[in-house]
Structure formats: structure tokens, C-alpha cells
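J.: Prediction below, plus the sequence it came from.
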Amino acid sequence: MKEVSVQELKQKIDNKEDFQLIDVRETFEYEVSNLDGENIPLGGILIEADKISKDKPVIIQCRSGKRSAAAVMQLESQYGFENLYNLKGGILAWQEAFDPNMPVY
């Protein structure tokens with residue numbers, strides 16, 4: 001599985017690179033704090049796979065990296081995606097590296 005670090009994600013955001021960010025946490029978690037990605041909870045990721053780009057990099061994130069890793073595996077095996085990246089450490093790693101005041105649970 002391909003992964004990116006929060007530092008790599010921040011660099012992509014700062015450089016205004018063309019990629020899609022998907023947050024697979026539940027809606028209530030997303031509302032507490034998010035990185036402006038599209039919210040598609042893990043439970044519906046296969047149903048909503050048509051919302052996921054196949055022609056640019058897609059970074060999938062969650063709280064710690066476990067649910068997003070599961071989403072990457074499901075999408076790769078069910079739909080043959082080859083452009084997915086798991087965000088290592090999830091939003092917890094982002095908070096630790098860049099935004100210590102970000103509310104996380």
C-alpha cells in the first residue's frame with residue numbers, strides 16, 4: 001500500500017497540487033476537525049466509489065491511519081484503483097506536526 005506522510009500532504013496543499021483528499025471518518029468526527037477533504041465514511045466507501053477520482057492522486061485519511069488503510073485495500077481489491085495513498089498517522093499526526101490546537105478526540 002502506498003502511503004504519504006502529513007509533511008508530504010502539507011507540501012501538496014502548499015504547492016496547490018491537483019489531488020483529492022477523502023476523509024473516511026464518521027460525519028460527527030469530521031465535524032469536530034477536518035483537513036477540508038471530502039467526507040465519505042468508511043461504511044459507505046464502496047457504495048460511493050464513483051465519487052473517487054481515478055485520474056489523479058487520491059489521499060485517504062482518518063483519525064490514525066487504520067480506517068483509511070482499510071478503505072484503500074477495499075477500493076483497490078474491489079474496483080482496481082491504483083492511485084490511492086493512505087495518510088500515515090491520520091489527523092492525529094497532522095495535529096501533532098502542524099496544529100497542536102486542533103480539536104481531536
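T.: Sure, I can see it.
J.: can you list contacts of the biggest helix by length in the chain?
T.: In the chain, with assignment by DSSP state H, the single longest helix is helix 66-79. Residues from elsewhere that reach helix 66-79 (C-beta atoms under 8 Å, 6 or more residues apart in numbering): 1, 22, 24-25, 42, 45-46, 49, 52, 60-62, 81-82, 84-87, 90. Quick note: C-beta positions are derived from backbone N, CA and C, even for glycine.
J.: Looking at the residues you listed, which are in strands?
T.: Among these, the ones falling in strands (DSSP state E) are Ile22, Ile60, Gln61, Leu84, Tyr85, Asn86, Leu87.
J.: Stretch 81-90 - what's its average pLDDT?
T.: The average pLDDT for stretch 81-90 rounds to 98.
J.: what do you get for stretch 11-20?
T.: 98.
J.: Pull up the distance across that stretch, start to finish.
T.: Using C-alpha to C-alpha, to the nearest Å, the end-to-end distance of stretch 11-20 comes out at 14 Å.
J.: quick revisit: for the ones in strands among the contacts of helix 66-79, give me TSV that also has distance to Asn15 and neighbour count.
T.: Below are these laid out as TSV (distance: C-beta to C-beta, whole Å; neighbours: other C-beta atoms under 10 Å):
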residue	distance to Asn15	neighbour count
Ile22	19	23
Ile60	20	29
Gln61	18	29
Leu84	20	24
Tyr85	16	21
Asn86	20	23
Leu87	17	28
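J.: Would you mind putting those into JSON lines with distance to Val6 alongside?
T.: As requested, these are arranged in JSON lines below (distance: C-beta to C-beta, whole Å):
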{"residue": "Ile22", "distance to Val6": "15"}
{"residue": "Ile60", "distance to Val6": "13"}
{"residue": "Gln61", "distance to Val6": "9"}
{"residue": "Leu84", "distance to Val6": "17"}
{"residue": "Tyr85", "distance to Val6": "12"}
{"residue": "Asn86", "distance to Val6": "12"}
{"residue": "Leu87", "distance to Val6": "7"}
